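Q: This is a predicted model, with the sequence first.
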Amino acid sequence: MPSDWYKSAFGDLYPIIYAHRDDEAAAAEVAALIQWFDLEGSAALTLDLCCGDGRHGTQLSELGLSLIGIDLSPQLLERATMRPALRSRLVRGDMRQLPFGAAFDLVLNLFTSFGYFIDESENRQALFEMGRVLAPGGRLVIDHINRDWVEKTFVAEDQRREQDYVIRQRRTIEGDRVRKAITVTWQGGREIRMNEDVRMYRPEEIQGLLTASGLTQIQIAGDYHGAPLGEQSKRLIVTAVKPG
Ligand SMILES: C[S@@+](CC[C@H](N)C(=O)[O-])C[C@H]1O[C@@H](n2cnc3c(N)ncnc32)[C@H](O)[C@@H]1O
């Protein structure tokens, strides 16, 4: 599996493979976050780190937050540009080296946009960057996969149809990483293959990494409402604050 899989996995086919991760799902997540962190009416300067096609960012902007989105994928940024609220608010960049100072009141890293690098020091560097670009008192929210849920609901292989495409996914868990080999086939038999390779974290591990990045008030939750992490939690939501 190529170590830079993330450079090709988030292209034009990504919105088809993850069609269920749409604007409607994002609206519900944003509404819950706004309530959880009491952001109603706030104009907080917010970074949507790994913003993808801007499905969360557009909703946050419409609610009044002052949003910047950053992502590595030209294709997904192109789609984000089509959203009027985001057009002039997008930057192409890498999470390991963010082109900002300590400016943001809120940094959001949503829907498994972390743990991509095989060299763990690069994942730590990305976390460090998230903390560095927060203003004193600013808050970080990371929405990652919940390792226990991934292991409990593990399916080695499945196949489904989405529009004109057949999507076949083969998964393995190797140590701390969950790996996917995805094959997308469409009319005429044309086929494209891609990979995903994501580091999973235990709550106490990510807590330690955030502490080492200088962040405090670390909370671990199981959903966007702040419910406690439990056996039925599909997600691992981690929040932390940069000391003032
Ligand atoms: C799973 S998607 C989630 C996108 C978005 N947050 C959402 O919820 O729809 C992960 C995103 O991370 C971006 N990405 C991958 N590697 C990156 C990197 N090194 N730096 C910045 N963004 C990256 C991808 O292009 C993709 O948009």
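A: Thanks, I have it. Just so we're clear, the structure is a prediction, and the values are computed from it rather than from any experiment.
Q: pLDDT score assigned to the closest residue to the ligand within the chain?
A: Residue of the chain nearest the ligand, by C-beta to the nearest ligand atom: residue 52 (2.8 Å). Where you see a C-beta, it was placed from the backbone N, CA and C, and this is true even at glycine. With respect to pLDDT, residue 52 scores 98.
Q: Report the contact partners of it.
A: Neighbouring residues of residue 52 by C-beta atoms under 8 Å, 6 or more residues apart in numbering: 10, 14, 71, 73, 76, 80, 111, 113.
Q: Now it: phi and psi?
A: Backbone torsions of residue 52, given as degrees, to the nearest 10, read phi 60, psi -130.
Q: again, but for the one 4 residues further on
A: Residue 56 has phi and psi values of phi -80, psi -40 when expressed as degrees, to the nearest 10.
Q: looking at it, it is touching residue 32, isn't it?
A: No. Counting by C-beta atoms under 8 Å, residue 56 stays clear of residue 32, with 11.4 Å between them.
Q: Compare those two (neighbour count), which wins?
A: residue 56 (25 against 16; other C-beta atoms under 10 Å).
Q: Grab the CA positions of the longest strand anywhere in the chain and hand them over as PDB.
A: In the chain, with assignment by DSSP state E, the single longest strand is strand 134-145. Only the C-alpha atoms of strand 134-145 are listed here, as PDB (Å, rounded to 0.1, in the frame of the first residue of the first chain):
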ATOM      1  CA  LEU A 134      -5.400  27.900  17.900                       C
ATOM      2  CA  ALA A 135      -5.600  31.300  19.600                       C
ATOM      3  CA  PRO A 136      -5.200  31.100  23.400                       C
ATOM      4  CA  GLY A 137      -8.500  29.800  24.800                       C
ATOM      5  CA  GLY A 138      -9.400  28.300  21.400                       C
ATOM      6  CA  ARG A 139     -10.900  24.900  21.000                       C
ATOM      7  CA  LEU A 140     -10.000  21.900  19.000                       C
ATOM      8  CA  VAL A 141     -12.600  19.200  17.900                       C
ATOM      9  CA  ILE A 142     -11.500  16.000  16.200                       C
ATOM     10  CA  ASP A 143     -14.000  13.400  15.000                       C
ATOM     11  CA  HIS A 144     -12.200  10.100  14.500                       C
ATOM     12  CA  ILE A 145     -13.100   6.500  14.200                       C
END
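Q: That strand pairs with which strands, and in what direction?
A: Using DSSP bridges, the strands paired with strand 134-145 in its sheet are strand 104-109 (parallel), strand 235-241 (antiparallel).
Q: ok, now how distant is the residue of the chain closest to the ligand from residue 23?
A: Distance from residue 52 to residue 23, counting by C-beta to C-beta, to the nearest Å: 11 Å.
Q: What of residue 206?
A: Going from residue 206 to residue 23 by C-beta to C-beta gives 28 Å.
Q: Of those two, which one has the most company?
A: Set residue 206 next to residue 23 and count neighbours by other C-beta under 10 Å: residue 206 wins out with 21 against 15.
Q: Next SSE downstream of the helix or strand encompassing the more buried one?
A: Per DSSP states H and E, residue 206 falls inside helix 203-212. For helix 203-212, the following helix or strand on the C-terminal side (DSSP H and E) is strand 216-221.
Q: Check the offset of that following strand from the chain's centre.
A: 17 Å (C-alpha atoms, centre = their mean, to the nearest Å).
Q: Just list what that strand packs against, helices and strands only.
A: helix 203-212, strand 235-241 (3 or more C-beta pairs under 8 Å, 6 or more residues apart in numbering; DSSP states H and E).
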